[in-house]
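Engineer: 3D model of this:
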Amino acid sequence: MITLPEKLSSMTPYDPCEDIYQIKLDANESFFSLPEDLRDAIAASIDTIDFNRYPDPAVTDLRRLAGREFRIAPGNIVVGNGSDELISLIMNTFAPRGGKVMVLSPDFSMYQFYAEVAELEVVNMFKDGEFMLTEEDVIKRAQAEKPDILIFSNPCNPAGQGFTHAETIRICNALEDTLVVVDEAYMDFWDQSILDVSTALENVLVMKTLSKAFGCAALRCGFVIGYADLTDQLNKTRSPYNINSITQMAACIVLEDTSWKKEQCAEIVARKNELEQACTELEKQCGVFTVLPTHTNFVVLRTEKCSEIFEELKKHSICVRCFPKYDMLRITTGSEEENAALLEALKEICAAMQ
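Structural biologist: Here you go, the predicted model:
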């Protein structure tokens, strides 16, 4: 029998919800699917694919259209099979064996996961009770730890807070010897992106995705944008055919005309704000949880009863995300009807707890 690497014994795999619920508010997905005309265009284009041929290894058309959308030269863009592949790629490309990665906890769990797969030391900098850190705190800790990579989501998943444009730039400039990776998966719901300076900063990579505001989680398509020398290095270690032909085709159709996305994104933010306000009113009535404001498409509730509420919501066929370690429920905004059903269930559950 082979001897398994010691690192596997302490790893906890990502645990997505696989059960079927009438209302699914756990994965930060958009409650919109693609507009019908885009779905029709994708369906019609399937017949144009040569299924016996490998996909375009350079992802040329998709990088061109992504560059137009993000206002970035295609040469500064690397496309990944979802952000997960890109996170793993970054860890294995830019940190030496036994190197150090710094994360800001709580944050997206896959940062630490892929760092550990790459056998890197992980430094956790824990946020305060409101899930906040100042840029000065981060800079001071990073300067002391001297990590090879600092990675964080902005705004943050799962806590919903974020650094402003100016604060993020101060972090990047202060840590010129550290690769700073800023995951902007939720930045479409805020206005503090650093894309405008991303290709000029020699130690910065910015991550983007089609999974959230674009409503294309099924495509598994993510992007890394940054200084040309950095993206060139990523392309050295990227698999040559990592983006399949169907994803390339569909993503190109999605990005060909994105005029629909602005209105759709505004609707998502409006529904989130309404849900957040309704939860704040319920907080005053029941006192069971505290609402933390977010810059994302989800609402955060702090409560020691998070696991109990989570299980009770499942009885109503409503799935949200529970983080018992942080006494937190993360609730993705749904449609107006889905949010109404969630709130009715929450009122009933909280009333029973009083």
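Engineer: tell me which element the closest residue to residue 349 other than its chain neighbours is part of?
Structural biologist: The shortest distance from residue 349 to any non-neighbouring residue, by C-beta to C-beta, 6 or more residues apart in numbering, is to residue 312 (4.5 Å). Any C-beta I mention is one placed from the backbone N, CA and C, and that applies to glycine too. For residue 312, the enclosing helix or strand under DSSP states H and E is helix 306-315.
Engineer: Show the average pLDDT along that helix.
Structural biologist: Helix 306-315 carries an average pLDDT of 97.
Engineer: go on, stretch 160-167?
Structural biologist: 98.
Engineer: and if you look at stretch 240-254?
Structural biologist: The predicted confidence, averaged over stretch 240-254, sits at 97.
Engineer: Relative to the whole chain's centre, how far out is it?
Structural biologist: Offset of stretch 240-254 from its chain centre (C-alpha atoms, centre = their mean, to the nearest Å): 20 Å.
Engineer: same check, this time on stretch 244-262
Structural biologist: How far stretch 244-262 lies from its chain's middle: 19 Å, per C-alpha atoms, centre = their mean.
Engineer: and that stretch, which residues are buried?
Structural biologist: 245, 247-255, 260-261 (16 or more other C-beta atoms under 10 Å).
Engineer: how long is stretch 218-235 from one end to the other?
Structural biologist: 24 Å (C-alpha to C-alpha, to the nearest Å).
Engineer: what distance separates it from the centre of its chain?
Structural biologist: 15 Å.
Engineer: and residue 18, what pLDDT?
Structural biologist: pLDDT for residue 18: 67.
Engineer: could you point out which element follows the longest helix seen in the chain?
Structural biologist: Using DSSP state H to define each element, the chain has its longest helix at helix 259-286. Using DSSP H and E, the helix or strand that follows helix 259-286 in sequence is strand 290-292.
Engineer: picking that back up, residue 350 is in contact with the residue nearest to residue 349, correct?
Structural biologist: No: if you go by C-beta atoms under 8 Å, residue 312 and residue 350 don't touch, sitting 9.5 Å apart.
Engineer: which residue ranges form the strands in the stretch 51-200 of the chain?
Structural biologist: If you assign secondary structure with DSSP state E, counting those that start in this stretch, the strands in the stretch 51-200 of the chain sit at 77-80, 100-105, 121-126, 149-153, 179-183.
Engineer: Turn those strands into JSON lines, columns for distance to residue 58.
Structural biologist: Output for the strands of the stretch 51-200 of the chain, formatted as JSON lines (distance: least, C-beta to C-beta, whole Å):
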{"stretch": "strand 77-80", "distance to residue 58": "9"}
{"stretch": "strand 100-105", "distance to residue 58": "29"}
{"stretch": "strand 121-126", "distance to residue 58": "33"}
{"stretch": "strand 149-153", "distance to residue 58": "26"}
{"stretch": "strand 179-183", "distance to residue 58": "23"}
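Engineer: out of those, nearest to residue 41?
Structural biologist: strand 77-80 (20.1 Å; C-beta to C-beta).
Engineer: Please report phi then psi for the residue nearest to residue 198 when sequence neighbours are not counted.
Structural biologist: In this structure, residue 198 finds its nearest non-sequential neighbour in residue 206, 4.5 Å apart by C-beta to C-beta, 6+ apart. Main-chain dihedrals, residue 206, degrees, to the nearest 10: phi -120, psi 130.
Engineer: Residue 206 touches residue 226, doesn't it?
Structural biologist: Yes: using C-beta under 8 Å, residue 206 makes contact with residue 226 at a distance of 6.3 Å.
Engineer: Find the residues that touch each one of those two.
Structural biologist: residue 198 (C-beta atoms under 8 Å, 6 or more residues apart in numbering).
Engineer: Distance of the residue nearest to residue 349 relative to residue 331?
Structural biologist: Relative to residue 331, residue 312 is positioned 14 Å away (C-beta to C-beta, to the nearest Å).
Engineer: For the closest residue to residue 22 other than its chain neighbours, give me its contacts.
Structural biologist: Leaving aside its chain neighbours, residue 22 sits nearest to residue 317 (4.0 Å; criterion: C-beta to C-beta, 6+ apart). Residue 317 makes contact with 21-23 under the criterion C-beta under 8 Å, 6+ apart.
Engineer: Show me these that map onto strands.
Structural biologist: Counting by DSSP state E, the part of these found in strands is residue 23.
Engineer: closest to residue 49 among the contacts of residue 317?
Structural biologist: Of those, the one sitting nearest to residue 49 (C-beta to C-beta) turns out to be residue 21, at 33.7 Å.
Engineer: my read: the closest one touches residue 315, true?
Structural biologist: No: with contacts counted by C-beta under 8 Å, residue 21 stays clear of residue 315, the gap being 10.5 Å.
Engineer: Those two: which has the busier surroundings?
Structural biologist: Using other C-beta atoms under 10 Å, the more surrounded residue of residue 21 and residue 315 is residue 21, with 15 against 9.
Engineer: tell me the pLDDT at that one?
Structural biologist: Residue 21 is assigned 86 on the pLDDT scale.
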